[in-house]
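1. turn this into a model:
(2 chains)
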Amino acid sequence: MRFLPLLWATLWRRKSRTILTMLSLVTAFLLLGLLQAANSLLGLGTVNLNAPILITQARVSFTSPLPMRLLPQIEAVPGVDAVSFSQFFGGIYKDPKNFFPQFATMPDRWFRVFTECKLGPGQLEAWKASRTAAVAGKNLVERYGWKIGDRIPLTSQIWPQKDGSRAWAFDLVGIVDDATTDSCPRKNNMYIRYDYLDEARQFGQGLAGIFVVRLKDQSQAERISSQIDAMFENSPDETKTQTERDFTLNFARQVGNLNLILNLILCAVFFTILLLTGNTMSQAVRERIPELAVMKTIGFTDTGVLVLVLAEALLICFIGGMAGMLLSVGVMKVFAKVLTQFPAVRADLRVWTIALVTMPTLGLIVGGFPAWRAKRLSIVDALAGR
Amino acid sequence: MSEAIVSLRGVSKTYTRGKQAVKVLEALDLEIAKGDFLALMGPSGSGKTTLLNLIGGLDHASTGSVTVAGERLDQLSGSQLAKWRAHNVGFVFQFYNLLPVLSAERNVELPLLLTNLGSEQRKKHVMTALQIVGIADRAKHKPSELSGGQAQRVAIARALVADPTLLVCDEPTGDLDRKTADEVLHLLQVLNKQHGKTIVMVTHDAKAAEYATHTLHLDKGRLVEQVRVGAAA
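-> Below you'll find the predicted structure:
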């Protein structure tokens, strides 16, 4: 602690240079926080998706529908607790920029599978009572300022009605909430009645996009997946069954290996920061050679000087890093409020661990060479200006 | 002669510049008594600063023995020498060599950071040192806000704050006008006479040397003349 005023004063020797270096570190760690949080969401972050749930889709692609006749067969597989299904609706609310996912399903089946999701009192009954009724996730309702009883107009990009019209309207009767997690994707979706869609749509009757299977025992997931897929092997409706988490990850991978892309961006950012901060530190030490020589003259050991220079690099990386991470937390909070159609991105323990390991590592790397140079400094040569 | 605080026996120093070996000091024997104020004079390249560096423990002799304050400096490692310097010797340079980012009091405090003194004690020592050199009122000022004479006083305060027995001064008035130089030299004289500090001072200035109790002339790395003078008042 006694060296802190010395370190702090040295750090601000060239104010503009220090501020610019810190700003570059803040930017780097802001990106680290945001991109790693996005990575968490795409990867490990999806653990909040229910583990004992399997998704059965057409083997070819999840965009190919499956016939509803598969439902009883899947239901009959030992270990299956409940089966629901859904059909993607693909509707636009007023303006194309208002995109949010809508799925057609049946109320009872859906709530038997997603047991953690809750509706308000009497809302399930209201949904069951009206074929044009719909329920929407809490985030969605907050985003558009809906209230129970509102009529929600949607223009489906996929399903025209029998009269050719793509205009549909649904009555909001319930709000889906999830007591177990804030980032449940179902809080960003809208659910309509499958029987209404199936009867009113121009084509595709008797088809569903996916089947959603709730298991009695999560450990049986692999066996049941294999068993379901085996039932439909060599049939016109071959299936691919996987956990909901894998399904979500595969969905994300449709746009490429995001995880790899995000990590490559971060590597590029940090490599640049490494060069930039390393150069700054080298310059800072170079112009302080006479001062370092004086410090050695008055009794600072070679190792002591090395530690001081390293500590300076660590301090600048820690301040810049923490500022960047805290800023990323703020930005994520703003994102969570504004971009409600996406699950909330958070800097979780994994992201903070990466950041807290990166800060000292960066500090040691950028400070290493200048510190070594300071350690090797010959007092006599430095004082003589050689 | 009273007890010697500095004792050099057969000291030689050779530097290598490129492929060339340059002999700076040759077979030098010297003793400096405790409480002495010695002026080292001589032409440029005569080895004055090199001799000062050996006495101050900043450099090792190529041959011979250097004993200062009872310690064989030629036998100490780099880190041992650093610790020895922190406890036994204070340095004053021609261009003050204060850290520009620190205030006067923080500059003076630097050697104390290497001791076990607490913050309050350090502050007390710093104020005492600043008062001795008559610059306590400029404690909060940075070197850029001080005149040459004031900066040199701060440098002297830094040199004596850890209460070393030996002060090593390399052209301490080389950057000062005559009047300020006389003030600084007078201060060194006071430190020598009233506080018992042994002072070794390199200077080109014959007037500055008059403040010393002894003057030593070096030429081409050899001791050519030793003069005892009456210190200037």
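2. which residues does A:Lys296 contact?
-> A:Asp302, A:Val305, A:Leu377, A:Ile379, B:Ala82 (C-beta atoms under 8 Å, 6 or more residues apart in numbering or on different chains). (C-beta placed from N, C-alpha, C; glycine too.)
3. quick check: phi and psi at it.
-> Backbone torsions for A:Lys296, taken as degrees, to the nearest 10, come to phi -70, psi -40.
4. likewise A:Asp81?
-> When quoted as degrees, to the nearest 10, the phi and psi of A:Asp81 stand at phi -90, psi -50.
5. just the pLDDT for A:Ile365.
-> Per-residue pLDDT puts A:Ile365 at 93.
6. for the helix or strand containing it, packing partners?
-> Taking DSSP states H and E as the definition, A:Ile365 sits inside helix A:349-376. Packed against helix A:349-376 by the contact rule (3 or more C-beta pairs under 8 Å, 6 or more residues apart in numbering or on different chains; DSSP states H and E) you find helix A:15-42, helix A:258-286, helix A:302-338.
7. closest to chain B out of those helices?
-> Using C-beta to the nearest C-beta as the measure, helix A:302-338 is the one of the helices and strands packed on helix A:349-376 that comes nearest chain B, at 6.0 Å.
8. now the angle from that closest one to helix A:258-286?
-> Per axes from the mean of the first three to the mean of the last three C-alpha atoms, to 10 degrees, the angle that helix A:302-338 makes with helix A:258-286 is 140 degrees.
9. can you give me the buried ones in helix A:302-338?
-> Residues of helix A:302-338 classed as buried: A:302, A:304-325, A:327-329, A:331-332, A:335-336 (neighbour count, 16 or more other C-beta atoms under 10 Å in any protein chain shown).
10. quick one: that helix to chain centroid distance?
-> Distance of helix A:302-338 from the chain centroid (C-alpha atoms, centre = their mean, to the nearest Å) equals 22 Å.
11. could you do stretch A:347-360 as well?
-> Mean-position distance between stretch A:347-360 and its chain equals 16 Å (C-alpha atoms, centre = their mean).
12. mind listing what's buried in it?
-> Residues of stretch A:347-360 classed as buried by neighbour count (16+ other C-beta under 10 Å): A:Ala347, A:Val351, A:Ile354, A:Ala355, A:Thr358, A:Met359, A:Pro360.
13. using PDB, write down the CA coordinates of that stretch.
-> The C-alpha coordinates for stretch A:347-360 follow below in PDB (Å, rounded to 0.1, in the frame of the first residue of the first chain):
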ATOM      1  CA  ALA A 347     -22.100 -11.300 -17.400                       C
ATOM      2  CA  ASP A 348     -22.300 -14.500 -15.300                       C
ATOM      3  CA  LEU A 349     -19.600 -16.000 -13.100                       C
ATOM      4  CA  ARG A 350     -17.900 -17.600 -16.200                       C
ATOM      5  CA  VAL A 351     -17.600 -14.200 -17.900                       C
ATOM      6  CA  TRP A 352     -16.300 -12.500 -14.800                       C
ATOM      7  CA  THR A 353     -13.800 -15.300 -14.300                       C
ATOM      8  CA  ILE A 354     -12.500 -14.800 -17.900                       C
ATOM      9  CA  ALA A 355     -12.300 -11.100 -17.300                       C
ATOM     10  CA  LEU A 356     -10.500 -11.400 -13.900                       C
ATOM     11  CA  VAL A 357      -8.000 -13.800 -15.400                       C
ATOM     12  CA  THR A 358      -7.500 -11.700 -18.500                       C
ATOM     13  CA  MET A 359      -6.700  -8.500 -16.500                       C
ATOM     14  CA  PRO A 360      -3.600  -9.700 -14.700                       C
END
